[in-house]
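Chemist: let me see the structure of the following:
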Amino acid sequence: MQKNDKIFVAGHRGMVGSAIVRRLRALGYENIITRTHTELDLTRQDAVETFFSAERPDYVFLAAAKVGGIGANSAQPADFMYQNMMLEMNVIHSAWRNGCKKLEFLGSSCIYPRMAPQPMPESCLLTSALEQTNEAYALAKISGLKYCEYLRRQYGADFISVMPTNLYGPGDNYHPENSHVLPAMIRRFHEAKETGAESVICWGDGSPLREFLYVDDLAELCVFLMNNYSDAETVNAGTGKELTIKELTELVANTVGFEGRIEWDTTRPNGTPRKLLDVSKATRLGWTYHTELPEGIKLAYEDYKQNHC
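Modeler: Down below sits the predicted model:
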């Protein structure tokens, strides 16, 4: 990318999109196009096509998505599939039709099988069944990834895909019902501390293993790949480190300053038992993460207190 190239960041108000915008501006890219959902509904094909034909961006970061935790995914599978599938197809197709030089599609590690080998290499995609609690979201993300792959195969489009692990950081979603596990914990423990609650109830039994990546580290990789990677296979984005959900709850509780009990509701689902990404490809390309989890949680908690309480 040249500094004066026109760059469209889809989903710029979200956690990932806003981090990509921060990274681009820090590197001197100023010709950045953004649209709010009110200005451009990405699920409407006609609106997306009109936007692309008028603006004709040179580069596209597709970070827009409907996202949520286990509860939201389980309760709204039709919404998660429809909204994500529609916006992905509309943006990718219109970018290709209107001569976009390069598009980067942001997916999720949930695209990989429930019982994938650990750590999960990019090559394990579609080798066995998906995790049922977020299958609809995963299928939508797989479709976006594959459409980029097929446009490359059939038409030579330089469209690439990045699959991040669990993300957190500034701009996260702290909704009490629709957020992911780490931001949900930050809110729950903060509110428990503020109200003097004696205990906090967490879902499952605390045994699943998870990996977490600070969103600004992902944004650095996204811009790096846009400038340095043009192969068909997706690139995993993570830390290569994992911890149990129980260990995570203790870390968040200590960071927030909650001193009560942590109780486990084992009637609630655990989700995938383990989900660690193989990040050796990103490492070989020259990228590694910078923010360790304890530091990142402190930064995320400060963002929550300042902007989301």
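Chemist: which residues touch the closest residue to H37 other than its chain neighbours?
Modeler: Once flanking residues are discounted, H37 sits nearest to R13: 8.0 Å by Cβ to Cβ, 6 or more residues apart in numbering. C-beta: built from backbone N, CA, C; applies to glycine. Going by Cβ atoms under 8 Å, 6 or more residues apart in numbering, R13 touches 36-37, 171.
Chemist: need the three-state assignment for the nearest residue to C100 once chain neighbours are set aside.
Modeler: Take C100 and drop its neighbours on the chain: the residue closest to it by Cβ to Cβ, 6+ apart is V60, 5.5 Å away. At V60, secondary structure determined by DSSP: H, G, I helix; E, B strand; the rest coil is strand.
Chemist: can you tell me how far V60 is from V91?
Modeler: According to Cβ to Cβ, to the nearest Å, V60 and V91 sit 7 Å apart.
Chemist: end to end, how far does stretch 102-120 reach?
Modeler: With Cα to Cα, to the nearest Å as the measure, the ends of stretch 102-120 fall 26 Å from one another.
Chemist: mind listing what's buried in it?
Modeler: 102-114, 116, 118-120 (16 or more other Cβ atoms under 10 Å).
Chemist: among the residues you listed, which ones are in strands?
Modeler: Members of the buried residues of stretch 102-120 lying in strands (criterion: DSSP state E): 102-106.
Chemist: show me the helices in the stretch 101-250 of the chain, by range?
Modeler: Secondary structure of the stretch 101-250 of the chain, counting by DSSP state H, counting those that start in this stretch: helices at 135-155, 181-195, 215-228, 245-256.
Chemist: dump the residue contacts of P170.
Modeler: Listed by Cβ under 8 Å, 6+ apart, the contact partners of P170 are 15, 18-19, 215-216, 299-300, 303, 307.
Chemist: quick check, pLDDT for it.
Modeler: P170 is assigned a predicted lDDT (pLDDT) of 94.
Chemist: from Y112, how far off is it?
Modeler: Applying Cβ to Cβ, the value for P170 to Y112 is 27 Å.
Chemist: re earlier: now do the shared contacts for V60 and V91.
Modeler: With Cβ under 8 Å, 6+ apart as the test, V60 and V91 both reach 10, 103.
Chemist: picking that back up, I'd like the helices of the stretch 101-250 of the chain as CSV, with mean neighbour count and distance to W96 appended.
Modeler: Putting the helices of the stretch 101-250 of the chain into CSV (neighbours: other Cβ atoms under 10 Å; distance: least, Cβ to Cβ, whole Å) gives the following:
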stretch, mean neighbour count, distance to W96
helix 135-155, 19, 5
helix 181-195, 20, 34
helix 215-228, 21, 16
helix 245-256, 19, 40
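Chemist: dump the ones you listed into JSON lines; add mean pLDDT and distance to K3 as well.
Modeler: Compiled in JSON lines, the helices of the stretch 101-250 of the chain are given as follows (pLDDT from 0 to 100; distance: least, Cβ to Cβ, whole Å):
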{"stretch": "helix 135-155", "mean pLDDT": "97", "distance to K3": "25"}
{"stretch": "helix 181-195", "mean pLDDT": "94", "distance to K3": "34"}
{"stretch": "helix 215-228", "mean pLDDT": "98", "distance to K3": "12"}
{"stretch": "helix 245-256", "mean pLDDT": "97", "distance to K3": "38"}
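Chemist: who wins for proximity to A64 among those helices?
Modeler: Checking the helices of the stretch 101-250 of the chain against A64 by Cβ to Cβ gives helix 135-155 as the closest, at 10.7 Å.
Chemist: what is the closest one packed up against?
Modeler: Contacts defined by 3 or more Cβ pairs under 8 Å, 6 or more residues apart in numbering; DSSP states H and E place helix 135-155 against helix 77-97, strand 102-106, strand 159-164.
Chemist: go again using 6 Å as the cut-off
Modeler: Where contact means 3 or more Cβ pairs under 6 Å, 6 or more residues apart in numbering; DSSP states H and E, helix 135-155 is packed against helix 77-97, strand 159-164.
Chemist: can you tell me which of these is packed in deepest?
Modeler: strand 159-164 (a mean of 24; mean count of other Cβ atoms under 10 Å).
Chemist: distance of Y82 from A237?
Modeler: For Y82 relative to A237 (Cβ to Cβ), the value is 26 Å.
Chemist: likewise F8?
Modeler: For F8, the distance to A237 - Cβ to Cβ - is 21 Å.
Chemist: these two - which one has more neighbours?
Modeler: Legend: neighbour count by other Cβ atoms under 10 Å for F8 and A237, higher for A237 (26 against 23).
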